[in-house]
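Q: coords please:
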Amino acid sequence: MKQIIYSLFLVLAVGMNSCKNETKKENQATPDEATELSSAAVVRFGVRGNCSMCKKTIETAASSVEGVLSATWDVNRKFIEVGLSDANADLMPIHNAIAASGYDTEKVNADPSAYEKLPLCCQYDHSMEMNQAEHDHEMEAESGETESH
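A: Residues are numbered from 1 along each chain as shown. The predicted structure is shown next:
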């Protein structure tokens, strides 16, 4: 019985160690990736929306633009953080892609026909505040003034 327990422990230890090594390899940047990351930038701007369905659509639209490495929309604070491969990239194609999917950004209003096609839960108030600072959101939460969805 002890031999079975030791064998199981050994298999488990070896398995966990190999998974750990694979994770390290995946997280190491190649020289080309390191060069790309050194010229990369992260920008943030406001985007209106309501829920996790909005989040998926907004992030997909932003990610569809060439040069976008990542896109993360904050549901509560109504902004998107976009990772760019070029710090000098033009942001208007990103604003336009998001607007074409039915969402207002700080610079471009949503395409009206795309907005009308959004699910009802995603049809946001066009006057809602966007690009809220973290402290603004915390103050709203404390006072109970957050929008519910």
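Q: what lies in contact with stretch 96-113?
A: Contact with stretch 96-113 is made by 45-49, 54, 57-58, 60-62, 64-65, 80, 91-92, 95, 114-115, 117-118, 122, 124, 126, 130-131, as judged by CB atoms under 8 Å, 6 or more residues apart in numbering. Where C-beta positions appear, they are placed from N, C-alpha and C, glycine not excepted.
Q: and the buried ones among these, selectable in PyMOL?
A: Filtering the contacts of stretch 96-113 down to the buried ones (16 or more other CB atoms under 10 Å) takes a single PyMOL command:
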select buried, resi 45+46+47+48+49+54+57+58+61+62+65+80+95+115+118+122+124+130+131
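Q: what's around D104, how many residues?
A: D104 has 22 neighbours, counted by other CB atoms under 10 Å.
Q: then P93?
A: 15.
Q: so it versus K117, what's the distance?
A: Shown here: P93 relative to K117, a distance of 21 Å by CB to CB, to the nearest Å.
Q: quick one: the helices in this structure?
A: Counting by DSSP state H, the chain has helices at residues 2-27, 31-38, 52-63, 92-100, 112-117, 134-143.
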